[in-house]
Every structure is written in structure tokens, then in C-alpha cells.
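Undergrad: Output the structure for:
(one chain, ligands or ions: 1)
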Amino acid sequence: MSAGETEAEREVGALTAEEAGRELARLAALLAAANTAYHGEDAPEMADADYDALKRRNAEIEARFPDLKRPDSPSEQVGAAPSETFSKVRHEVRMLSLGNAFSGDDVADFVRAVRAYLGLDEAAPLAFTAEPKIDGLSLSLLYEGGRLTRAATRGDGETGEDVTANARTVGDIPDRLREAPARLEVRGEVYMSHADFAALNARQAEAGGKTFANPRNAAAGSLRQLDATITASRPLKFFAYAWGVTSAPLADTQSGAIARLGALGFQTNPLTRRVGTLAEMLAHYAEIETGRAGLGYDIDGVVYKVDDLALQARLGFRSTTPRWAIAHKFPAELAWTRLEAIDIQVGRTGALSPVARLAPVTVGGVVVSNATLHNEDYIAGRDSKGQPIRGGKDIRVGDWVQVYRAGDVIPKVADVDLDRRPEDAVPYAFPSGCPVCGSEAVRDGADAVRYCTGGMICAAQAVEKLKHFVSRAAFDIEGLGAKQVAAFYDEGLIAEPADIFTLEARQDAGELDLYRRDTKGRPTNEKSVQNLFAAIAERRRIPLARLIFGLGLRHVGEESARLLANSYGSWARFEAAMTSAIPGEGPAWAELIDIDGVGEVMATSVVTAFHQEAERASIDRLVAHLDVEDAERPASDSPVAGKIVVFTGTLEKMTRAEAKARAEALGAKVSGSVSARTDLLVAGPGAGSKAKKAAELGVETLDEDGWLALIEGS
Ligand code: IVH
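TA: Sure, this is the predicted structure:
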């Protein structure tokens, strides 16, 4: 930079990340002032051409430094389509995700697990398909009578968004199929090529519009446009790789089904292969990885799927992933940079999470300036068992650290360069108090996480709980996102989830004035407030799993919430059980711990929440406003739904794992031991003490064929 030159005068290409950040702040302020003058005060202060030039400069800087894009970015303020306005589509067959493998050993474990589940020995042939994992967004296309009648995004896997008009504009998506099953749902990935992405971003920057951080964001942003003519102008592509509902099977094998999809007119990935051994799987992975840079579109791994569809059907699903497929991810991208500071964030459960503030660095095409440091042991160089990690090297402010990111995940700090450690660097002292509310922060047993003990009095916990409550997988209230609840909390309008449901009554009673202004301080009209009330009212009726997840209990994620909901069925049963359970003893505890997937840690956390006075009162206040939908018990019309079943002895037609999974899929609970609560014992040859005990207790006993006859057809 020549002497006296300011950031405002510099070419975008010559800005450092630090300068770019300052320049983006300056542009945001200038453009916001210009907007207010133009729209609000009817007194434009800036010439249109100057305004456009500033917007263009802002877009160019954002294109170069996507990570520095501000939450109040001027490029977000025009034509940003609120996702709320797409109508919702419930998937007839859930759209699942894939389990991950990060090494050849993980893939070997996967193959072993598949064989073990199916009871196949090492010599039995077992083929897979191997294909690239496309880094785009998944889309479901329903064809009825050979015509495309509906297209939907994945959403949360159960409910997606209707993007039919947009999908029709994508060249790779046929409008009509010849000789297709009467009903056929084709699934695959929408993506954008590197060349099309670069051209789109250049066009957008030129026009002063929104630019995208990577091709996947560009594809998602382009597909989810309310105005389908915008989607039509975007160069989207589509690969078909799976299917949902079909009125007639496509083929007997995965590879046959993909060939059929190709014959029907879909693009299928040319690197898809049928492979017969672990060695062939890994060889194909290596081949795809070698060719990755030359493909012209982003992929983030290789997906292996069991080829035989009858075996896929036997293997079935875990709660969110199939047992018959796995994604073998490519290694994460790495970079070195300086650790400038360590900040502590307080989460909804009170967990203190250290965040690394980094000198901005490009990792795999994205500028990274924050990374997670997990917990205090991780910073100190120890794992959860006290064993050294990174050779015991601790992490200090001022250190050069190695940062990596794999796919979507938050960047992490992997390593430290001790040779470049500044002489005055000191070991990091993890705070023993909450940085937000000042309460003591404690560790519990072997848990490496330190928790703020402030509970409801801690503003950070309260706000994070509210944000979690309105998040997409929880209550997902239209028009009430993370930013809005935080602003409502700051203004004293809401302190806990229950307060959201009293906003309307308090407004009517004149206790608050929501019409005065919105969360950004601008005047709001009556209509948007009424829309908000309507959206809140709509969520008074809520599925049990969403409610349990929304409570934000420690160790209870989306999947665990679904497990609990499916096991107890109704709020009344769940609440009664949690209230009467005592950690470590009694039948209510035994029933909870018996649920496959519920461990002691999670069980203790849930039960404790129901016994803590303040937390319990807050839950009760919330539920008083709700009409909780019972969980749909899987296949509840099956004769074994709700029954407690025990398997013993040798099973000959299936493995124990398969028997258990099938019983659970039919709504039965599978237990390891016989008690007075057992409904049914399935005993194969060699059954011993369990059969004896069942006879003593008068528990009904069947052999394997009897069991298969009982569940046949359900
Ligand atoms: S199969 C039941 N095959 O990866 C599993 N998924 O991490 C159905 N994806 O949501 C998915 N390429 O969006 C499958 N060749 C491929 C894929 C693929 C990309 C995406 C898909 C899915 C995600 C799971």
C-alpha cells in the first residue's frame, strides 16, 4: 500500500483479511445509512451509481473472504427469500443420512458388521456398489403416471420443502418418464459444477448481488428460490442415486436399480462400480480420490452400499442411518495459523466451550477464523481418560496451530508447533467460574466438560435454551429464529419457552407493545405480529419427540428424543415415568435403561431434570400451553407391538442382531433377561436357564419358526 492510501481506496485483490473485515464494516454502515435515507426519510443522499459501486465492492470482498461476511451484510438485504414460505412436504419414506468411515479400518469394520448381522462367514460372497459422495443437497422427485408431480428437499428427513416449480427448471430432471413404475420417487443430489459456480459468483458480484461461499451453498441457494425464474437462470445439475416409494421394484440389486434410473433418463454417476471385496472397495476409493481434483464438481467421499436389495431389506435401518451403506470420507483439509485468543462460550446446558480465535486462514477454499477447542482437557493435551493426546502438547494463546475441517463440521485444532511457540506463552488457565453469570463452573466425574451451575439465572444458558427451543428440529416456529428470541430475551419479553406462548395474551392485555418495533428496531406492521402469533399458535400442537428434544436436556439429542418418545408413546407416560424414576433403582429406572440406545449418563440427566424444582416448574409451565401428539409407535398393529421379548439359544434363520432389530421395528422391546414383565420368550436349540425361568414364571415361549409365523406379514 502506498503511503496515505486508505482501505477504502485499495483494490479488493490487495486487501488482507484484517483490512477486508474493517472495510466490510465500513461498507455495511454506509449502505445502511444510505438505505435509511432513501427508504425511511425519502431523502436520498447518495447517487444511484455510487450506491451500486459500494454494493459491488461489498460483494467482491465477500466473494474473496466468505468467512468474513457480516450477519448484517448488505448483500443479504435484497431479494433474500425467507424459507418459511415454501409449503411443507411429508416424506412417505424418511430421507436418511449416512454413517461415516474415516479410514480403511472403519470400512473393514463396516463390512464385518454387515456380515455379522447377516450371519455370513468370510468366504461367502458379498458385493457392494462404490460411488462418489456428491457434495450438494439431496432432492426427492415424485413421478406419478410417468410425470413429475412433486419435488421436495430433505428438510429434517421427515418433512421437507416443496420446490416442485424450481426442480422443473433443472435440465437434468426429466419432466416425463417413459415405462416407469406408476409411482416412483427418485432421489439424488442437486449440485453445481466448479465452472458454473465461478461464473455465477462473478455475475452476482458484477450485479452487486449475493455471492456464495462454495458450490454447495450456491446450489442450495439457487434451488430454494421463491421465484422459480431465478432458479431457471442458475446452472443446476442432478445425479440420481437412490429411490423412496416405488409401486414396483426397480431391480434386484443396487447396481441394477442405478442402471434402470439411467435408462429412465436420469444422470447417474459414471464412477459408480460394483465391487466384490474390501480390497476392491478401497482401490476404487483411491481411484476416485486421485481423480477428485479433475472432476469439475465437489465430492467429499465415497459411498458403499450393499448391492443385493434383498440383503439391504434384511439389514434395514438404525434410527437415522441405514445398516447397508456407509460414507467413506476424504481426509480433512489442513492449514497452519496463529491462535490469537481463547474465548469461552456458554451453551444451553451450561457447558463451557472454548473457542479458538485464529488469524484468518484459508482451509479448503474457505476462510476460517474460529475453531472449536472442545474442552479444558483437550487444551491441556489429555483425553477423557487422562492419556496424552498430541504427545501431551498443550495449546497456548500465541501458538501456531494446525486447523482442519472435514465437510460441514466446525473447524477443529489438531496440532501445535512447539518450535514456533512464543517465549512468553503461558499455559491456558481454564476459568472455574461462568464468564457470563459468574456462578461456579464445575466438572462432574469423568466428564471433561465444565458446566456453569447458574441454571436459570445464567443469561447465556437461558438464551441458548430459547434458541435451541425454536430451532428447526425442535419447535421450528416460523418467523421466530435464534436472533429474534435472543432479542426478545434482551428486551425482557421472554425468559423461558413457556413465555413464547403467552406473548399474544400479554399483548392483548396491554402488558407489552410488539407493534412498536421489530427486533432490529424498525417499526413493524400489525400483520407481521399477527403472523407471528399465528405461527406460535400452530406449534401448540407438537409431536412428542420434538417436545422432548426442545426441552434441551443435557445429553438428549434429536435421535435420543425420538427413542424416548417412541418408547413411552405419550407425554403423560413419559412424564410419570421420569417423575417416579430414581437413578440406579426401581422399575421405572430399569424400564428407562432397558431402552436400546439409552445409557446411564443420558438417563441420569433426564431424570435429574425432572427432579430439579426450577427446571421441572419451567417444563410444567410450558406443557400447560401445549397439546402434545403421541408418538407414532412403529407398526403398532403388529401382534408384538409393546411386548417385551427375550431371545435365547441358537437362532438358525437369522442372527441375534437381526432378530432384535426386526422385533424392535415391529414395536416390541427386546430385553436380555427374563422377568415377570417378559411377555414372550423365543427359544432356539440350546436354550438353558432363561427357558427354565420363563416356564416357572408362566411366560409364553415360542421356537424360531413359531416366532417367524407370529410376525409374518407384519
Ligand atoms: S445414499 C439412505 N448416495 O449424502 C441413504 N447419498 O450423508 C441415502 N449423498 O443425505 C443416501 N452422494 O444428500 C447417497 N452417492 C450418494 C450420495 C449421497 C451424496 C448425500 C445425500 C445424503 C447425504 C448423507
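Undergrad: May I have whichever strand or helix holds Phe239 exported as PDB, CA atoms only?
TA: According to DSSP states H and E, Phe239 maps onto strand 237-246. Presented in PDB, the C-alpha positions along strand 237-246 are these (Å, rounded to 0.1, in the frame of the first residue of the first chain):
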ATOM      1  CA  LYS A 237     -27.300 -30.300 -12.200                       C
ATOM      2  CA  PHE A 238     -28.700 -33.500 -10.700                       C
ATOM      3  CA  PHE A 239     -27.300 -37.100 -10.200                       C
ATOM      4  CA  ALA A 240     -29.800 -39.800  -9.300                       C
ATOM      5  CA  TYR A 241     -28.500 -42.400  -6.800                       C
ATOM      6  CA  ALA A 242     -31.500 -43.700  -4.700                       C
ATOM      7  CA  TRP A 243     -35.300 -44.000  -4.500                       C
ATOM      8  CA  GLY A 244     -38.100 -43.800  -2.000                       C
ATOM      9  CA  VAL A 245     -41.600 -45.100  -2.700                       C
ATOM     10  CA  THR A 246     -42.000 -47.300  -5.700                       C
END
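Undergrad: can you give me how far it is from the chain middle?
TA: Chain-centre distance of strand 237-246: 21 Å, with C-alpha atoms, centre = their mean, to the nearest Å.
Undergrad: ok, now how distant is Gly492 from Arg260?
TA: Distance, Gly492 to Arg260, using C-beta to C-beta, to the nearest Å: 60 Å. From N, CA and C alone the C-beta is placed, and that goes for glycine too.
Undergrad: Kindly report the same for Phe475.
TA: 41 Å.
Undergrad: any low-confidence regions in the stretch 101-250 of the chain?
TA: Of all residues in the stretch 101-250 of the chain, none has pLDDT under 70.
Undergrad: Dihedrals phi and psi, the residue in the stretch 101-250 of the chain that the ligand sits nearest to?
TA: Nearest residue of the stretch 101-250 of the chain to the ligand, counting by C-beta to the nearest ligand atom: Ser138, 3.2 Å away. The phi/psi pair for Ser138 (degrees, to the nearest 10) reads phi -80, psi 150.
Undergrad: got a list of what it touches?
TA: With contact set as C-beta atoms under 8 Å, 6 or more residues apart in numbering, Ser138 has these partners: 95, 153-154, 187-190.
Undergrad: Report the entries of those that also contact the ligand.
TA: The residues of those that also fall near the ligand, by C-beta under 6 Å from any ligand atom, are 154, 189.
Undergrad: any idea which of the contacts of Ser138 has the most stuff around it?
TA: Within these, most neighbours by other C-beta atoms under 10 Å means Val190, with 26 neighbours.
Undergrad: right, and that residue touches Leu137 too?
TA: Yes - using C-beta atoms under 8 Å, Val190 is in contact with Leu137, at 5.5 Å.
Undergrad: Mutual contacts of these two, please.
TA: 219, 223.
Undergrad: Quick check: residues of this structure near the ligand?
TA: Of all the residues in the chain, those lying near the ligand are 96-98, 131, 133-134, 138, 154, 189, 241-242, 303, 322, 325, 327, going by C-beta under 6 Å from any ligand atom.
Undergrad: how about those residues, which pair is most distant?
TA: Glu131 and Arg154 (18.4 Å; C-beta to C-beta).
Undergrad: Lowest-scoring secondary structure element of this protein by mean pLDDT?
TA: helix 48-64 (a mean of 73; mean pLDDT, DSSP states H and E).
Undergrad: ok, then the element right after that helix?
TA: Immediately after helix 48-64, counting by DSSP H and E, sits strand 88-90.
Undergrad: And that following strand, how far out from the chain middle?
TA: 18 Å.
Undergrad: what pairs with the very next helix or strand once past that strand, and is each one parallel or antiparallel?
TA: Per DSSP H and E, the first helix or strand lying C-terminal to strand 88-90 is strand 100-101. Counting by DSSP bridges, the strands paired with strand 100-101 are strand 325-329 (parallel).
Undergrad: Can you list the neighbours in contact with the strand it pairs with?
TA: 98-102, 106-107, 110, 133, 281, 285, 300-306, 406-407.
Undergrad: Check which residues of the top strand by length along the chain are buried.
TA: Taking DSSP state E as the criterion, the chain has its longest strand at strand 333-346. Neighbour-count burial for strand 333-346 flags 333, 335, 337, 339, 342, 344, 346 (criterion: 16 or more other C-beta atoms under 10 Å).
Undergrad: Stretch 379-388 too?
TA: So, applying 16+ other C-beta under 10 Å, buried residues of stretch 379-388: 379-382.
Undergrad: Out of the residues you listed, list just those in helices.
TA: The helices, defined by DSSP state H, take in 379-380 from the buried residues of stretch 379-388.
Undergrad: Take the buried residues of stretch 379-388 and write them to JSON lines, including pLDDT.
TA: Below are the buried residues of stretch 379-388 laid out as JSON lines (pLDDT from 0 to 100):
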{"residue": "Ile379", "pLDDT": "97"}
{"residue": "Ala380", "pLDDT": "96"}
{"residue": "Gly381", "pLDDT": "95"}
{"residue": "Arg382", "pLDDT": "93"}
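Undergrad: Give the next helix or strand downstream of the helix or strand in which Lys527 is found.
TA: For Lys527, the host element (DSSP H and E) is helix 526-538. Per DSSP H and E, helix 526-538 leads on to strand 541-543 as the next helix or strand towards the C-terminus.
Undergrad: Who are the packing partners of that following strand?
TA: On a contact count with 3 or more C-beta pairs under 8 Å, 6 or more residues apart in numbering; DSSP states H and E, strand 541-543 meets strand 627-629.
Undergrad: any idea how far the strand it packs on is from the chain center?
TA: 24 Å.
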